[in-house]
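Colleague: let's see this in three dimensions:
(one chain, ligands or ions: 1)
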Amino acid sequence: MIELQQVSKTFHKKNGGVTALDNVSFTVGKGNIFGVIGASGAGKSTLIRCVNLLERPGSGKVIVDGKNLPDLSSSELARSRREMGMIFQHFNLLSSRTVYENIALPLELDKTPVSQIKTRVDELLALVGLEEKRNDFPSNLSGGQKQRVAIARALAARPKILLCDEATSALDPATTSSILSLLKNINRKFGITILLITHEMDVIKAICDEVAVISDGKLIEKGRVGDIFSNPSSPVTREFITSSHDVAVPFELEQVLTESSNGTDYPLVKLRFTGKLNAGTVFSETSRLFEVDNEIVAANMDYAQGIKFGVILILVKGTQENVQQAIEYYKSNNIQTEVLGYV
Ligand SMILES: Nc1ncnc2c1ncn2[C@@H]1O[C@H](COP(=O)(O)OP(=O)(O)OP(=O)(O)O)[C@@H](O)[C@H]1O
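Modeller: Coordinates of the predicted model:
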């Protein structure tokens, strides 16, 4: 549905150029939810704006539903753009229009007959759960409700693609989760292709089928979300996964944790598991092989596309030699292993 081929974009300034996108290529299949994650300044906004040509790439192809957008005439481009709805971090609603009128706007611009507009807007209000708010103005809505209006407006002309520019970044976690569920629902119900950009791995984990990671304008990794979570290849990706998924040392232990061992204490170890390994099996193996006890102090396990992954804090109890062997065993099994201190 969307294919970027070697897209580059450089912004020229007085004191030199900034390469916002450097040879970026990826494909988003029809009906998929594809997420692009990157830190601030990585080029995410430029990327999503290149997809509907709000930003013209310096070079490369932007093929949407079989057409290379930079080759199109302005009327053909307008037609292609109608196939793409877009939602934004700050909603971009018109404050002087009611909820109903905001949603109706794209249909009015398309000169849709009033009776058809009414039917469609009623459908959309039901879809996003805002029937009661139809006559309210945006200033009287919560952030989540505003984003629901924006989603309804973006879907009004029945686009094939929905572009989401940091759509949940201004929302609290509970509202974020309800908006992500709504997007997933829309994707399933209507088969609409979704391309979203975000700086939060939680968003990717919650709804995306595939993910691409960009850093300094370059696409550094891409793949199925489950595969990337279970086997991230770049440090940047690993950092995103870690930041979205960690456990803190409990306060009580933090108070007594020492940097080096006194010979009679036990190491507090942080283990990062991915889907290929079962923590329970690994713990019972080390207990059997090295006569250690793995006392679980804290854990944070989760799923991304059915792949289990997570982080576990354990106190490894046993003789110094056995404990050391158990730690080496974890490392040799590709478990990211870090000794945080001794208790
Ligand atoms: N119109 C512009 N003129 C000049 N430089 C620009 C312009 N737009 C973006 N840039 C530069 O391009 C780079 C990528 O910016 P972009 O906004 O795409 O990143 P981003 O990943 O979306 O960041 P953020 O999450 O902070 O919005 C940055 O260095 C930015 O300063």
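Colleague: ok, and what's touching stretch 62-73?
Modeller: Outside of stretch 62-73, the residues within contact range by Cβ atoms under 8 Å, 6 or more residues apart in numbering are 1-5, 7, 50-53, 56-57, 61, 76-77, 80, 83-84, 160-161. Just so you know, the C-beta spots here come from the backbone N, C-alpha and C atoms, and that holds for glycine as well.
Colleague: drop anything exposed from these.
Modeller: Buried members of the contacts of stretch 62-73, scored by 16 or more other Cβ atoms under 10 Å, are 1-5, 7, 50-53, 57, 77, 80, 83-84, 160-161.
Colleague: could you break this protein into its assigned domains?
Modeller: The chain breaks down into these domains under automatic domain parsing: 2-244, 251-342.
Colleague: and the first one, how far apart are its ends?
Modeller: Domain 2-244 stretches 28 Å from its first residue to its last (Cα to Cα, to the nearest Å).
Colleague: swap in the last one?
Modeller: With Cα to Cα applied, domain 251-342 spans 14 Å between its terminal residues.
Colleague: Gly17 is in what secondary structure piece?
Modeller: strand 16-28 (DSSP states H and E).
Colleague: ok, that strand: who's next to it in the sheet?
Modeller: strand 2-13 (antiparallel) (DSSP bridges).
Colleague: the strand it pairs with near the ligand anywhere?
Modeller: Yes: using Cβ under 6 Å from any ligand atom, strand 2-13 reaches the ligand at 11, 13.
Colleague: would you list every one of the helices in the stretch 101-250 of the chain?
Modeller: Using DSSP state H, counting those that start in this stretch, the helices of the stretch 101-250 of the chain run over residues 114-127, 143-155, 173-190, 201-207, 225-230, 235-244.
Colleague: how about those helices in TSV, adding distance to the ligand?
Modeller: Listed next are the helices of the stretch 101-250 of the chain as TSV, based on distance: least, Cβ to the nearest ligand atom, whole Å:
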stretch	distance to the ligand
helix 114-127	28
helix 143-155	18
helix 173-190	16
helix 201-207	13
helix 225-230	19
helix 235-244	13
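Colleague: JSON lines for those, including mean neighbour count and mean pLDDT?
Modeller: Listed next are those as JSON lines, based on neighbours: other Cβ atoms under 10 Å; pLDDT from 0 to 100:
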{"stretch": "helix 114-127", "mean neighbour count": "15", "mean pLDDT": "96"}
{"stretch": "helix 143-155", "mean neighbour count": "24", "mean pLDDT": "97"}
{"stretch": "helix 173-190", "mean neighbour count": "16", "mean pLDDT": "95"}
{"stretch": "helix 201-207", "mean neighbour count": "23", "mean pLDDT": "92"}
{"stretch": "helix 225-230", "mean neighbour count": "22", "mean pLDDT": "84"}
{"stretch": "helix 235-244", "mean neighbour count": "17", "mean pLDDT": "85"}
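Colleague: which one of those lies nearest to Ala42?
Modeller: helix 235-244 (9.0 Å; Cβ to Cβ).
Colleague: out of the domains of the chain, which one sits most buried?
Modeller: domain 2-244 (a mean of 18; mean count of other Cβ atoms under 10 Å).
Colleague: related to what we said a few turns ago, other SSEs contacting the next helix or strand after the strand holding Gly17?
Modeller: Reading on from strand 16-28 to the C-terminus, the next helix or strand found by DSSP H and E is strand 33-37. Here strand 33-37 touches helix 44-51, helix 173-190, strand 193-198, helix 201-207, strand 210-215, going by 3 or more Cβ pairs under 8 Å, 6 or more residues apart in numbering; DSSP states H and E.
Colleague: what pLDDT does the model give Ala304?
Modeller: Ala304 carries a pLDDT score of 80 in this model.
Colleague: what of the one 10 residues further on?
Modeller: Among the per-residue scores, Ile314 shows a pLDDT of 96.
Colleague: does it touch Asp293 like I think?
Modeller: No: using Cβ atoms under 8 Å, Ile314 is not in contact with Asp293, being 9.2 Å away.
Colleague: name the residues contacting each of those two.
Modeller: With Cβ under 8 Å, 6+ apart, Ile314 and Asp293 have no common neighbours.
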